[in-house]
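Engineer: model the structure of this input:
(2 chains)
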Amino acid sequence: MTAVLSYEAILADRDAIMRASVGIDYQHYVTGVLAFDYERLLADTGYDIPRTQAVQSRTGVGNTPLIELHHITSLVRSLAAPGKGARIFVKDEAANPSGSFKDRRASLSVHEAKRRGYEGVVAATSGNYGAAVASQAAKAGMRCIVVQEAFDSQGIAQPEIAEKTRACEAYGAEVIRLSVGPELFYMFLCVLKETGFFNASLYTPYSILGIETLGYELVGQVQEQTGCYPDLVIATHAGGGNVTGTARGLHKAGAIGTKVVAASVDLAGLHMASDRDFNRKSFTTGHTGFSMPFTTWPDRADVPRNAARPLRYIDRFVTVTQGEVFYMTQVLAELEGLERGPAGNTSLAAAFSMAQGLDADQIVVIQETEYTGAGKHPIAQLNLAKQMGVEVRRGDPRENKPGQRIVIPEHPSQIAVLDVDLDHVRSSYVRHALQSTHAEQPLSEIDLDFLAAETRSSRNYVEEIANEWHRTTG
Amino acid sequence: MAEYIKKGTWVEIHRIVLAGGQRAPQVPVETQQVPLEMRVKGFLAQRASLGDEVEIVTSAGRRLRGMLTDVNPAYTHNFGSPVPELLMIGREVRTILGETGGGG
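Structural biologist: Numbers count the residues shown, from 1 in each chain, chains lettered A, B, ... in the order given. Model (predicted):
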């Protein structure tokens, strides 16, 4: 029986619970009021690319195919100006053991938990990551608990999460299904405290380093197939780990000139903690409900310092609509013979739009797919949307309105990414960072340099925002 | 209740974790009003009837208590009916490729 501890008591104990459950002394890496040594936090784990590959290959993780989407490229070129329309490739991460790139993240966490002598692992996730942790734990002979936000107050389960419940249980995990709300974190802490299991958080260094092999592999595959480096790599963006790990892997493979694009489904207007909005999102991840808060303030995660720091790596941040992703999911199935889950196809929709502006000899890589099946499918999501009173129709995707109307394009020429203003995101990050400091604590030069590195800007830029912030907050 | 469910049966329990009105302060009002509920599956630790307060042993070996709500719970998620708004997309894009001589 879970010890009945009050909400306040558990949250007050969170630092000690976290320390015991991740085995990392984050305090050791603090270098300023805000600053910490990010690179050393990652490097001290000892997982470089060869060591990560060795761990992952033992459970069949990684080395997924890179597939050129010839027909989709032809469709792009039919819409683009003469000489335009880049070649599009997809990294078929659905070929991993539990069906998504999340196996890469789970593999190092579970390996590390086993090495450190933990009896089991716990993960707070409603998505593919739960199945990945459960699969890796099964292989390692460890116990596994997955905590999900799964159903609304009417008892209606999000179909994609229901499928994840089934998958986790198939791998022998205990699944704690909760109704909607951020107090999931309280339950997660209760479980960690009671069991003493390892916190297989999505945001530890292990979880990020595990993705580096994805970026690293794809560079080698693109070179093998084309003799070039990719020009654009597009990653579906939620909590920031996918973008961060992939970009780091690209750099390690020498793809310095490759631009990294973060793509999210636009869910503006829906509240992530709303019992009402929960079953009107149609997407459980890869959307702005995660990517906006996590990009503008990564340290809201379930570990003291988030190893996913997307603003350090993003060259461009774009959104697409729900209807555009469902449309492209169907196109991928019917033109390329690849039936894949909708979340990974967020970057496909972005690629379809962005490739039209690139030269025909340039290369765009969509860096993941995910498995599909009952619940985890556009048909299931659109049927639920209709049941919840969301209008579903063909039309101009600009008329898409999350929670009210899903508009499936009538023609592929209507698919167009919208750019998120990165300057706005950077200044929002700096303001969140300043808010997190205790009053009267002056920032050191180390802090200013840290914030400049975090936002890929300059010390002057950070100082300007800080001065403005101090003026307006008095 | 005369109908007993045998010890060792795979079941689901339900528990209210936080009552409506006692939710975290940051949640919106529609969430604040409803309880935080938990459902977990496991093996029934002793013979019981639906609605009883029971103990289960989960797949991770934990012992949890809650109200017995379901026996051998079904996975009911599915695809549902084909969605008309998606049915024509493949034909449409193949037509475009045909018109432009594409299709590789």
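
Engineer: for the helix or strand bottoming out on mean pLDDT in chain A, buried residues please.
Structural biologist: Ranked by mean pLDDT, DSSP states H and E, the weakest helix or strand in chain A is helix A:7-12, scoring a mean of 88. Buried residues in helix A:7-12, counted by 16 or more other C-beta atoms under 10 Å in any protein chain shown: A:7, A:10. Quick note: C-beta positions are derived from backbone N, CA and C, even for glycine.

Engineer: what do you get for stretch A:392-410?
Structural biologist: By 16+ other C-beta under 10 Å, the buried positions in stretch A:392-410 come out as A:392, A:394-395, A:397, A:400-403, A:405-410.

Engineer: those residues also near chain B: which ones?
Structural biologist: Restricting the buried residues of stretch A:392-410 to those within reach of chain B (C-beta under 8 Å from any C-beta of the partner chain) leaves A:392, A:394, A:408.

Engineer: just curious, which of these is nearest to residue A:194?
Structural biologist: residue A:392 (43.3 Å; C-beta to C-beta).

Engineer: just the pLDDT for the closest one.
Structural biologist: Listed pLDDT for residue A:392 reads 98.

Engineer: how about residue A:6?
Structural biologist: 82.

Engineer: may I see the buried residues of stretch B:11-18?
Structural biologist: Going by neighbour count (16+ other C-beta under 10 Å), the buried part of stretch B:11-18 is B:11, B:12, B:13, B:15, B:17, B:18.

Engineer: which of those are close to chain A?
Structural biologist: Answer for the buried residues of stretch B:11-18 near chain A (C-beta under 8 Å from any C-beta): B:17, B:18.

Engineer: what sits up against the least confident helix or strand of chain A?
Structural biologist: Contact partners of helix A:7-12, identified using C-beta atoms under 8 Å, 6 or more residues apart in numbering or on different chains, comprise A:17, A:183, A:186, A:189, A:190, A:193, B:18, B:24.

Engineer: where do the strands of the chain begin and end?
Structural biologist: Reading this off chain A. Read by DSSP state E, chain A holds these strands, from start to end of the chain: A:66-68, A:87-91, A:120-124, A:143-151, A:174-179, A:198-199, A:232-236, A:259-265, A:316-320, A:363-366, A:391-395, A:405-409, A:418-419.

Engineer: sorry, I should have been clearer: chain B.
Structural biologist: Taking DSSP E to define them, one finds strands in chain B at B:10-18, B:36-44, B:53-57, B:63-71.

Engineer: so which of those strands is the most surrounded?
Structural biologist: strand B:36-44 (a mean of 22; mean count of other C-beta atoms under 10 Å in any protein chain shown).

Engineer: so what strands line up beside it?
Structural biologist: If you go by DSSP bridges, strand B:36-44 pairs up with strand A:174-179 (antiparallel), strand B:10-18 (antiparallel), strand B:53-57 (antiparallel).

Engineer: just want the angle from the last one to strand B:63-71.
Structural biologist: When axes from the mean of the first three to the mean of the last three C-alpha atoms, to 10 degrees is applied, the directions of strand B:53-57 and strand B:63-71 differ by 110 degrees.

Engineer: outside of strand B:53-57, which residues touch it?
Structural biologist: For strand B:53-57, contacts defined as C-beta under 8 Å, 6+ apart pick out A:1, B:11, B:13, B:40-46, B:48, B:63-68.

Engineer: hmm, residue A:118 is touching residue A:197, no?
Structural biologist: Yes - the criterion here is C-beta atoms under 8 Å, and residue A:118 meets it with residue A:197 at 5.9 Å.

Engineer: higher neighbour count, the two?
Structural biologist: Taking neighbours as other C-beta atoms under 10 Å in any protein chain shown, residue A:118 and residue A:197 compare with residue A:197 leading, 24 against 21.

Engineer: low-scoring stretches of chain B, by residue?
Structural biologist: B:1-2, B:100-104 (pLDDT under 70).

Engineer: enumerate the residues of the stretch 201-350 of chain A near chain B.
Structural biologist: Going by C-beta under 8 Å from any C-beta, the residues of the stretch 201-350 of chain A near chain B are A:271, A:273, A:274, A:275, A:276, A:326, A:327, A:330, A:331, A:333, A:334, A:335.

Engineer: what is the nearest of those to residue A:292?
Structural biologist: Comparing those against residue A:292 with C-beta to C-beta places residue A:271 closest, at 12.4 Å.

Engineer: partners of the closest residue to residue B:42 other than its chain neighbours in the sheet?
Structural biologist: Excluding the flanking residues, the one nearest residue B:42 by C-beta to C-beta, 6 or more residues apart in numbering or on different chains is residue B:56, at 3.3 Å. As for beta bridges, residue B:56 partners with residue B:44, residue B:64 under DSSP bridges.

Engineer: tally of neighbours for residue A:268?
Structural biologist: Neighbourhood size, residue A:268 [other C-beta under 10 Å]: 12.

Engineer: pretty sure it sits against residue A:404.
Structural biologist: No - contact criterion C-beta under 8 Å: residue A:268 and residue A:404 do not qualify, at 11.6 Å.

Engineer: excluding sequence neighbours, find me the nearest residue to residue A:237.
Structural biologist: Closest residue in space to residue A:237, ignoring its immediate chain neighbours: residue A:262 at 3.6 Å, by C-beta to C-beta, 6+ apart.

Engineer: residue A:274 too?
Structural biologist: Per C-beta to C-beta, 6+ apart, closest to residue A:274 is residue B:28, 5.0 Å.

Engineer: phi and psi next, for the one you found.
Structural biologist: The phi and psi values for residue B:28, taken as degrees, to the nearest 10, are phi -70, psi 160.

Engineer: what about it, neighbour count?
Structural biologist: Neighbours around residue B:28, by other C-beta under 10 Å: 17.

Engineer: do residue A:155 as well
Structural biologist: Number of residues near residue A:155 (other C-beta under 10 Å) recorded here: 11.

Engineer: ok, residue A:289 next?
Structural biologist: Residue A:289 has 25 neighbouring residues, counting by other C-beta under 10 Å.

Engineer: residue A:273 is in contact with that one, correct?
Structural biologist: No - contact criterion C-beta under 8 Å: residue A:289 and residue A:273 do not qualify, at 9.7 Å.

Engineer: wait, what's in contact with residue A:467?
Structural biologist: Here residue A:467 is in contact with no residue (C-beta under 8 Å, 6+ apart).

Engineer: do you know how far it is from residue A:335?
Structural biologist: Residue A:467 sits 53 Å away from residue A:335 when distances are taken as C-beta to C-beta, to the nearest Å.

Engineer: can you pull the contacts of the residue lying closest to residue A:40 once chain neighbours are set aside?
Structural biologist: Spatial nearest neighbour of residue A:40, excluding adjacent residues (C-beta to C-beta, 6+ apart): residue A:29 at 6.1 Å. If you count contacts by C-beta under 8 Å, 6+ apart, residue A:29 has them with A:36, A:37, A:38, A:40, A:41, A:305.
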